[in-house]
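Participant: sequence and computational prediction follow.
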Amino acid sequence: MYSNDIGKISSRTTKNKLVELSRSREIAPEKRINALNLLSRKKDLDPSELFSAVLKDKKETVPIKSTMVLRLGAQLKKVSVLEKFLGKVEGPVTRSILHVLAYKGDAGSYKKIDALLKDAKQDKLITQKAQFAKTMISYRLGDNNVVLSSSEAEQMESFRRIKAEPIEKQKLSVVKATKILNDLQQEHVAVPLATTKAQKLICQGKELALLFNEQLVEHTYNFDTNGILAAITEDDYCPGGHFVRYHVLANKEAGSGYRIHILNTNGRLIMEGTGTKKGETFAFEVKAVKRPGSTPIFFKADFNSQKNELDVKEAKSGAMLRKSSQIVLKPDGKSNPSGS
């Protein structure tokens with residue numbers, strides 16, 4: 001029987017009180033999770049001691065451990081706090097740790113994840129999450145340790161027998177882009193994002209924002225390595241705010257060519273395409289890949305790195321859904337379709 005005599009908790013509840021509530025087994029799990037969610041919004045928080053205590057606690061439940069890792073992991077001062085628990089906690093908690101390392105891990109994390117993958121006992125879900133973590137770390141660092149492969153032409157969606165509708169687009173003000181950035185949960189922000197030159201996109205009734213890597217806008221982005229060009233956010237009407245929906249990844253190919261991959265925040269490949277760089281102009285186009293419930297999308301644009309201007313040439317989406325096969329993305333290998 002859980003106690004309900006804890007009073008009302010809100011964003012005004014102190015950090016110490018929220019930590020106390022999150023650790024109490026005398027209150028309902030959903031209230032403890034609410035305390036963790038509120039705690040993630042607190043500034044100047046270093047949850048290292050809380051992590052060590054909770055992850056070592058054999059009696060603590062998996063949902064509490066996983067929620068703590070996912071909601072507070074971005075605020076850790078050192079990722080080593082998480083790394084030492086890789087493979088030593090429950091499977092779902094290990095996957096949560098890998099998810100945080102995808103966005104916050106460094107070269108040392110990459111090596112530890114590699115060691116985890118060499119353990120034949122790891123299940124498929126952990127292996128997939130570990131590969132995603134390695135991919136994101138490599139593209140964030142621009143070290144070319146992971147270069148995603150190209151999909152075959154037949155794995156891409158087409159507009160055959162599908163009516164197309166335009167993707168609406170307009171520039172976002174710095175004020176609006178700043179509000180979006182302030183709303184974002186930090187656990188899915190892979191690189192610092194610029195508030196200038198952002199674009200608003202309306203696709204299939206969803207309001208999206210294209211926010212560029214700060215290095216692109218500041219002319220310090222290295223086009224010679226793999227990297228993250230931008231993030232795509234979505235308006236969250238309930239409960240309000242915004243969240244990161246996709247990451248736009250790029251890697252150098254032969255000559256002036258590039259390969260573009262757009263992944264969701266769990267590592268699923270959503271769109272793919274090519275790019276070329278001639279002088280100050282980076283031209284690219286991407287298409288949706290086939291997956292269950294997918295619909296065709298085509299986006300073609302030029303980005304002028306000197307003026308920091310995006311010139312959208314064509315942007316359209318299918319007006320209906322179509323059942324398709326799923327693409328399983330494998331770093332350093334081929335992308336394989338699986339039955340839907």
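Facilitator: Happy to help now that I have it. Residues are numbered from 1 along each chain as shown.
Participant: CA only for contacts and neighbour counts going forward, please
Facilitator: OK.
Participant: pretty sure Gln75 sits against Pro47.
Facilitator: Yes. Using C-alpha atoms under 8 Å, Gln75 makes contact with Pro47 at a distance of 7.0 Å.
Participant: tell me the domain ranges of this structure?
Facilitator: 46-141, 153-338 (automatic domain parsing).
Participant: which one, of the ones you listed, ends up nearest to Lys31?
Facilitator: Closest to Lys31 of the domains of the chain, according to C-alpha to C-alpha: domain 46-141, at 10.6 Å.
Participant: residue ranges in the stretch 151-300 of the chain under the pLDDT threshold?
Facilitator: 238-240 (pLDDT under 70).
Participant: show me where it has helices.
Facilitator: Counting by DSSP state H, counting those that start in this stretch, the stretch 151-300 of the chain has helices at residues 174-183, 214-217.
Participant: same question for the stretch 1-150 of the chain.
Facilitator: Assigned by DSSP H, counting those that start in this stretch, the helices in the stretch 1-150 of the chain fall at 15-23, 29-39, 48-56, 62-72, 80-83, 91-104, 107-117, 124-141.
Participant: can you give the contact residues for stretch 212-228?
Facilitator: By C-alpha atoms under 8 Å, 6 or more residues apart in numbering, the residues outside stretch 212-228 that reach it are 138-144, 147, 191-194, 196-198, 229-231, 247-252, 305-306, 308.
Participant: hmm, 7 Å instead?
Facilitator: For stretch 212-228, contacts defined as C-alpha atoms under 7 Å, 6 or more residues apart in numbering pick out 139-140, 142-144, 191-194, 198, 229-231, 248-252, 305, 308.
Participant: same check, this time on stretch 37-54
Facilitator: Here stretch 37-54 has contacts from Ser11, Lys15, Leu18, Glu60, Lys65, Arg71, Leu72, Gln75, Leu76, Lys77, Val81, using C-alpha under 7 Å, 6+ apart.
Participant: who are the contact partners of Leu263?
Facilitator: Leu263 touches Tyr246, His247, Val248, Leu269, Ile270, counting by C-alpha under 7 Å, 6+ apart.
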